[in-house]
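J.: Give me the fold of what follows.
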Amino acid sequence: MSVLKRIKGRKGLIVKVLLLLIFLGALGWGGYTYYLANIKVYPDQVLQKALQHAGTAQSYRYQVDVQVKVNNQERKLSRISGEKAGGDLYFHGLIHNQEVKVYQIGDGTYLWDPITGKWAVTPSNRPFDQPHFLIEANPLACFNFVSVDGITYLGKEEVAGRKAYVIQCAPAIKHDFMNAWFKDFSYKVWIDAKNKAILKAQVSGFFRDQPENTVFIKLEFKDYGADIKIPPPG
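T.: Below is the predicted model:
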């Protein structure tokens, strides 16, 4: 083989190697950009979208569990299931070991009396319209964040068959009832990976005047945007 042929052969090999490196580089860059666009999770952005979704939700079903730890003794304060449809509301369960059933429909409120077994009706009265009055009546109001620190992505989990991002944070919140009694909240939130709806959350905090005591709140949500009808009690 002549020297000229050997040189041409080496040049061809070099060109092939360069083309291969360019191809591999392009492939790697494409994979990296796909990772950034479709796989990498930006927890601050995910949380922001979840808060926006919570602030605009018009109908949903929910469950609330509230318990406290006082003097190293745990006590359940409430366990409530409810549903909201626009301005209408129905929830039932236990609050301070007392059975409660509440409807707020139109301009009236229906309160069930467990002693008489009858409904007390208060027309032109909607006490649960105040979003920061009672956790059990409007649980999404717990996500009215004023500021947020310590946003941390904890990974992915499945909630009721849906893939969810798990995010932890320490927000300052706008909620009259919660702020009156508790402080230094820590949130762990499961957010639907597809539509960014809050599927569930765990909230912990300390008593404002007795920080050695704690509160723990479990929230679960489903059926966002469902056509929920809440008729008055029969």
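J.: Partner strands of the lengthiest strand in the chain and their direction?
T.: Identified as the longest strand of the chain according to DSSP state E is strand 145-159. Note on strand 145-159: by DSSP bridges, its sheet partners are strand 162-173 (antiparallel).
J.: tell me which residues of the helix or strand immediately after the partner strand in the chain are tucked away?
T.: As assigned by DSSP states H and E, the chain's next helix or strand after strand 162-173 is helix 176-181. Neighbour counts over helix 176-181 (16 or more other C-beta atoms under 10 Å) mark 177, 178 as buried. (Glycine included, C-beta is placed from N, CA and C.)
J.: Enumerate every residue touching the residue nearest the centre of the chain.
T.: Centroid check for the chain by C-alpha atoms, centre = their mean gives residue 198 as the closest residue, at 2.9 Å. If you count contacts by C-beta atoms under 8 Å, 6 or more residues apart in numbering, residue 198 has them with 50, 53, 54, 140, 143, 189, 190, 191, 192, 219, 221.
J.: Of the residues you listed, which belong to strands?
T.: Residues of those located in strands (DSSP E): 189, 190, 191, 192, 219, 221.
J.: my guess is residue 206 meets residue 181, correct?
T.: No - Residue 206 sits out of contact with residue 181 when judged by C-beta atoms under 8 Å, with a separation of 10.0 Å.
J.: Mutual contacts of those two, please.
T.: In contact with both residue 206 and residue 181: residue 215, using C-beta under 8 Å, 6+ apart.
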